[in-house]
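# for reference, the sequence and a predicted model appear below.
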Amino acid sequence: MALIVQKYGGTSVGSPERIKNVARRVAQWCARGHQLIVVVSAMAGETNRLIALAKDVQSEPDPRELDVMVSTGEQVTIALLAMALMEQGIKARSYTGAQVKIVTDNAHTKARIISIDEKNIRADLDKGCVVVVAGFQGVTDAGEITTLGRGGSDTTGVALAAALKATECQIYTDVDGVYTADPRIVPDARRLKTITFEEMLELASLGSKVLQIRSVEFAGKYKVRLRVLSSFEDHGEGTLITFEESEKMEEPVISGIASNRDEAKITILGVPDRPGIAYQILGPIGDANIDVDMIVQNVGHDGLTDFSFTVNRNDFKKALEVLQLVRNHIKAREIVSGDKIAKVSIVGVGMRSHAGIASAAFRALAEEGINIQMISTSEIKVSVVIDEKYTELAVRVLHKCFNLDQPA
Ligand code: ADP
Ligand code: ASP
Ligand code: MG
C-alpha cells in the first residue's frame, strides 16, 4: 500500500462529467489498496473569471480581498469531487487550505508555504478516507486567506507529498507529460520520458507552465518523486522528473524550448557612466519589491551609457513610476519601454559539454529575420528577448534547429 498525492488541473475538473471521471480514476487507485490525497484546481477559466470580476470593481484589486475571492474557485471543486467520490461508494472528505492548515507567509497573491499540519489528513487517511484538498491556497498565522500565485495547485500537491512523505506526486493535466516544447505551439513536439530536475526548474522558470516553478523547487528540496500525466488517458507513463542525469552516453544536448510573454523591457538612455549607477537604478526597483530578470549595460561613450532590464509585466507600471524619480536623480536623458516582447529559451544539461549551441540558435533566428534584443545565458540555458510577434516562429525554428522533433 502506498500513499499517493494526485493533483488535477482546471481542464481536468472543468465540468461535472470530468469531475466524475476524476472520481472514477481515484476509485481505481483506491481499489488497488492505495491511500489517496487529491488536490484540485478551480474549474477551467474560473480563476480568470474571478480576477476579471474583481477588476471590474476595483482597477487594482486589493490583494487581501482578491485572495478571499479567487480562493473560492477551488472551494467549489473540492466539494464537488468529494460528492462524486461518495457517489462511487468511496469515503471522502474535502478540506480548504485553511482547514488543513497549510500555513503561508502573508504575501497575498504570491504567498509561500511555511508549514503543513498533517494531523487531520493523516487521521482521515487512516480511516480509509480519500482526502480532497483545495489547491492554490493557504492561511496565515493570523487566519488570513492567501493564494500561492497562478498555477499554485501544483505546489500544493508537491508540498503535501513532501509533508506526508508520499510515495509519488502525480500531476494530472491536459497533456500526457512534459514535451520538448509547448505542444500547442509546436505540433511535432515530443513527450520526454524523463527530464532532470534541473532542466525542469529552468523550463518552469522560463515559461513552461506545465508545472509551477515553486512546485519543482519543493520537489527538489524534499526529494519528492514527481510525475506529469494526462487525466484523459488511462495507461500513459507520463514524464518522470529525475534527480540523476541519465547514464546513457548519447543524451540530446537540448531537452526543451520555453517561451514567456510575461515580461516588459525598460531602457534608460544617456545614463552617466560612473561606478554605482547600476545600484542607483536597480536599488529602488528592488526596494519596491520588483524582481528584475535580464540586465544589459552598454559600453559607455562620452561618459554616458544605456542601461536596459526586464521586469514582469504586472510590475511594469510600478517600475516606470519608480524610475521617473530615479531618472531625475541621476540625470539620465530618457526612458524608453515596451511590453510587446517575449523571451524564448533553449534548455539542456548537455549544453555543459557542447560548444556552439548559442551560435547555432542565433543563426537559426537570423535566418528567419528575427532580431535579438537581449541575451542571457547560464550553464544549461540560452535565453533571448525578441519582438513578441515572433514568439511562436522562434520556438518552432529553434525546435527544428536542434532536431527535437526527431526521436532521441
Ligand atoms: P493545469 O490546468 O492542468 O494545471 P496548465 O494549463 O497549467 O494545466 O499546464 C498544462 C499546459 O502547459 C499544457 O496544456 C501546455 O499547453 C502547456 N505547456 C507549456 N510548455 C509545455 C511543455 N514543455 N510540455 C507540456 N506542456 C506544456
Ligand atoms: N486555479 C489557479 C490558477 O488558475 C491555480 C491552479 O490552477 O493551479 O492559477
Ligand atoms: Mg497549471
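Cool, got the structure. Ligands and ions are numbered 1, 2, ... in the order given.

# can I get the helix or strand harbouring D56 as PDB, trimmed to CA atoms?
Assigned by DSSP states H and E, D56 belongs to helix 46-57. Extracted in PDB, the C-alpha atoms of helix 46-57 (Å, rounded to 0.1, in the frame of the first residue of the first chain):
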ATOM      1  CA  GLU A  46     -12.900  30.200 -13.200                       C
ATOM      2  CA  THR A  47      -9.800  31.800 -11.700                       C
ATOM      3  CA  ASN A  48      -9.600  34.200 -14.700                       C
ATOM      4  CA  ARG A  49     -13.300  34.900 -14.400                       C
ATOM      5  CA  LEU A  50     -12.900  35.800 -10.800                       C
ATOM      6  CA  ILE A  51      -9.900  38.100 -11.300                       C
ATOM      7  CA  ALA A  52     -11.700  39.900 -14.200                       C
ATOM      8  CA  LEU A  53     -14.700  40.300 -11.900                       C
ATOM      9  CA  ALA A  54     -12.600  41.900  -9.200                       C
ATOM     10  CA  LYS A  55     -11.000  44.300 -11.800                       C
ATOM     11  CA  ASP A  56     -14.500  45.400 -12.900                       C
ATOM     12  CA  VAL A  57     -15.000  46.700  -9.400                       C
END
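
# for the closest residue to ligand 3 within the chain, which three-state class applies?
Proximity of the chain to ligand 3 (CB to the ion) peaks at G151, 4.1 Å away. Any C-beta I mention is one placed from the backbone N, CA and C, and that applies to glycine too. State at G151, reduced to three classes by DSSP: H, G, I helix; E, B strand; the rest coil: coil.

# looking at it, it is touching K209, isn't it?
Yes. The pair G151 / K209 is scored as a contact, 5.8 Å apart, by CB atoms under 8 Å.

# neighbour count: those two, which is higher?
Counted by other CB atoms under 10 Å, G151 and K209 do not tie: G151 has more neighbours, with 21 against 16.

# need the contact list for that one.
K209, L211, Q212 (CB atoms under 8 Å, 6 or more residues apart in numbering).

# helices and strands around the helix holding D56, which ones?
The elements that helix 46-57 packs onto, with contact taken as 3 or more CB pairs under 8 Å, 6 or more residues apart in numbering; DSSP states H and E, are helix 63-70, helix 72-87.

# could you measure from the residue lying farthest from the centre of the chain over to ligand 2?
Going by CA atoms, centre = their mean, the residue of the chain most distant from its centre is D302, 43.1 Å out. In this view, D302 and ligand 2 are 49 Å apart by CB to the nearest ligand atom, to the nearest Å.

# can you start the count at 748 instead of 1 from here on
Okay, residue one is now 748; in that scheme the one you just asked about reads as D1049.

# tell me, how many residues neighbour V1069?
Each residue near V1069 was counted by other CB under 10 Å, and the total is 18.

# tell me the helix or strand right after the helix or strand hosting it.
Using DSSP H and E, V1069 sits within helix 1063-1077. Counting by DSSP H and E, the next helix or strand C-terminal to helix 1063-1077 is strand 1081-1085.

# that following strand packs against which elements?
Short answer (3+ CB pairs under 8 Å, 6+ apart): strand 1081-1085 packs on strand 1010-1019, helix 1063-1077.

# the shortest one vs strand 1081-1085, what angle?
If I follow you right, that is strand 1010-1019. 170 degrees (axes from the mean of the first three to the mean of the last three CA atoms, to 10 degrees).

# and what of the longest one?
Between helix 1063-1077 and strand 1081-1085, the angle comes out at 170 degrees (the same axes, to 10 degrees).

# how about helix 1063-1077: buried residues?
F1063, A1066, V1069, L1070, V1073, R1074, I1077 (16 or more other CB atoms under 10 Å).

# and the first one, by the same measure?
For strand 1010-1019, burial by neighbour count (16+ other CB under 10 Å) applies to E1010, A1011, K1012, I1013, T1014, I1015, L1016, G1017, V1018.

# how about the spatially closest residue to L827 that is not a sequence neighbour, what does it touch?
In this structure, L827 finds its nearest non-sequential neighbour in I766, 5.1 Å apart by CB to CB, 6 or more residues apart in numbering. The contact partners of I766, taken as CB under 8 Å, 6+ apart, are V760, T824, L827, L828, A831.

# assign I766 to helix, strand or coil.
I766 - assigned by three-state DSSP - is helix.

# likewise for R1143?
helix.

# pLDDT below threshold where in the stretch 1048-1155 of the chain?
Applying pLDDT under 70 to the stretch 1048-1155 of the chain flags no residue at all.

# and the helices in it, which stretches?
Remark: helices assigned in the stretch 1048-1155 of the chain by DSSP state H, counting those that start in this stretch are 1063-1077, 1104-1114, 1138-1148.

# report the beta-bridge partners for L750.
In this structure, L750 bridges to Q782 when assessed by DSSP bridges.

# list the contacts for it?
H781, Q782, L783, I784, L872, L911, K912, A913, T914 are the contacts of L750 under CB under 8 Å, 6+ apart.

# so which of those is the most crowded?
I784 leads the contacts of L750 on contacts (other CB under 10 Å) with 27 neighbours.

# pull stretch 910-924 out as CSV, backbone CA atoms only.
What follows is stretch 910-924, C-alpha atoms only, in CSV (Å, rounded to 0.1, in the frame of the first residue of the first chain):
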residue,chain,number,x,y,z
ALA,A,910,4.9,16.8,4.3
LEU,A,911,3.2,13.4,4.3
LYS,A,912,6.2,11.6,2.7
ALA,A,913,4.1,10.3,-0.1
THR,A,914,5.5,7.7,-2.5
GLU,A,915,4.8,9.8,-5.5
CYS,A,916,3.1,13.1,-6.5
GLN,A,917,1.2,12.8,-9.8
ILE,A,918,0.3,16.0,-11.6
TYR,A,919,-2.6,15.2,-14.0
THR,A,920,-3.2,17.7,-16.7
ASP,A,921,-4.4,18.1,-20.3
VAL,A,922,-1.2,16.9,-21.9
ASP,A,923,0.3,13.5,-21.3
GLY,A,924,3.7,14.7,-20.0
